[in-house]
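**Q** Dropping the sequence and predicted coords here.
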Amino acid sequence: MQQALPYLVVLQLLVTLALAILLFGLARQVGILHERVAPMGAMTSDRGPAAGEMAPQVSATTLAGAPIVVGGASTQGRSRLLLFVSATCPVCKKLLPIARSFSAAERLDIVLVGDGEVTEQQAMVTKFGLGELTYVNSPQVGLAFQVGKLPYAVLIDAEGVIRAKGLVNSREHLESLIIAEETGFGTIQSYLAARSRREHPKPEITPL
Amino acid sequence: MDPLVALTISLSLAALLAGAAAHKALAWERWQGVVENYRLLPSAAAIFAVTLPCAEVTASVLLLLPFARPLGAAAAAALLVLYAVAMGINIARGRRAIDCGCFGTQLRNGISSWMVGRNILLAMLALTLCLPPGSRPLSVFEVLLAVGIVVTLGFLYPVVGVVLARPLPRYEDNFRRSAPQSGR
């Protein structure tokens, strides 16, 4: 027994190690599962002007100093995506490069809206190379749309109607807003409600 | 304390701290935001973001050097208690949804009180290394055994977080007005 003890210890350790690796693998599978089933749409809060309503019109000046009217009908006849960001929110830092590539890929005018110190915002614009995007530093815009959490996005069509809005954390969330505009369902809740009434899902607002 | 136990504890803590520092270095941009989000001494957040990973690496190296082990253990305990206090303050403020910043920030399970307990436990474990170690010489077999135990613990450590994580909201919770609206 005394001679066998070291071998038994090694055997025990190997068995425990194998079990630990298997458990780790299972935990990883659970993590992947959570990621796969995570909601892939922008989360909408009940506050502020709803999808389908006219967007409030707010006059402001961009960081570059040009006057701009946020909301209302577009002069270029294009949809606009308001993206509410801040220099201090960690997810915004991840989302800003996505927003830049998004504005190039989709036919949209992206308006970034910040609320805070001008120097901080300018530092963020230079750091992320957002020079060509319109950047508005105005707390009034955030108040008008009742934005509570960042980064928050509001999609306004060419006529000035809010098509979709919500908390956005990823490219998928931003894309879900475009899908909402294309399908006519501002939120997954409105789609589910239409389906649960056993109706043929009919858009609340006519697609473009 | 038996030198085999002391070696196992110091190797585990060194691996833990080195792993934590590596994760911070790999997600450097996000780590800056995570430190700011703790909202403690906001003016010194940038300094903390740099010094904490450096302190982790230093403590990890000191733990591996046999003559500096008590010093490294004390540093590790101090770091763990500091993190526990930072998390405790934010839990008391009700800000449980902030990113912990411990390991793999992708899961973003927030902070909870079991993490404070875990840190205190690990800190106490680190402080046992400050006790005078036994002078029994270790054989190569025993050193390999210690490494094997540390690898096993390394696989088990992240599992604890998954098992103790708060369950995700149910589908119905999305329709409740009082549903937690943090973006997790």
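**A** In hand now; what should we look at?

**Q** Please list the residues of chain A that sit near chain B.
**A** Chain A has residues A:6, A:9-10, A:13-14, A:16-17, A:20-21, A:23-24, A:26-27, A:30-31, A:34-35, A:39, A:43, A:45-46, A:88-91, A:93-94, A:148-149, A:167, A:169, A:189 near chain B, with proximity defined as C-beta under 8 Å from any C-beta of the partner chain. C-beta: built from backbone N, CA, C; applies to glycine.

**Q** List only those of those residues flagged as buried.
**A** Buried positions within those, assessed by neighbour count (16 or more other C-beta atoms under 10 Å in any protein chain shown), are A:13, A:16-17, A:20, A:23-24, A:27, A:31, A:43, A:88-91, A:93-94, A:149, A:167, A:169.

**Q** So which of those sit within strands?
**A** residue A:167 (DSSP state E).

**Q** Check the gap between residue A:28 and residue A:79 for me.
**A** Residue A:28 sits 40 Å away from residue A:79, going by C-beta to C-beta, to the nearest Å.

**Q** Just want to know which of these two has more residues nearby.
**A** More crowded of residue A:28 and residue A:79, by other C-beta atoms under 10 Å in any protein chain shown: residue A:79, with 21 against 13.

**Q** From what I see, the more buried one and residue A:158 are in contact.
**A** Yes - under the criterion of C-beta atoms under 8 Å, residue A:79 makes contact with residue A:158 at 6.0 Å.

**Q** ok, residue B:138 touching residue B:5?
**A** No - under the criterion of C-beta under 8 Å, residue B:138 makes no contact with residue B:5, lying 10.9 Å away.

**Q** What are the buried residues along the lowest-mean-pLDDT helix or strand in chain B?
**A** Lowest by mean pLDDT, DSSP states H and E among the helices and strands of chain B is helix B:28-37, with a mean of 85. For helix B:28-37, the neighbour count (16+ other C-beta under 10 Å) marks B:30, B:31, B:32, B:33, B:34, B:35, B:36, B:37 as buried.

**Q** so which of the residues you listed also contact chain A?
**A** Restricting the buried residues of helix B:28-37 to contacts with chain A (C-beta under 8 Å from any C-beta) yields B:30, B:32, B:33, B:34, B:36, B:37.

**Q** hang on, the earlier thing: name the residues that touch the least confident helix or strand of chain B?
**A** By C-beta atoms under 8 Å, 6 or more residues apart in numbering or on different chains, the residues outside helix B:28-37 that reach it are A:88-91, A:93-94, B:24, B:42, B:45-46, B:48-49, B:52-53, B:98-101, B:105.

**Q** Any stretches of chain A with poor pLDDT?
**A** Applying pLDDT under 70 to chain A flags residues A:37-46, A:106, A:186-189, A:195, A:197-208.

**Q** what are the ranges of the strands in chain A?
**A** Under DSSP E, chain A gives strands at A:58-61, A:67-70, A:79-84, A:108-114, A:134-137, A:152-156, A:162-167.
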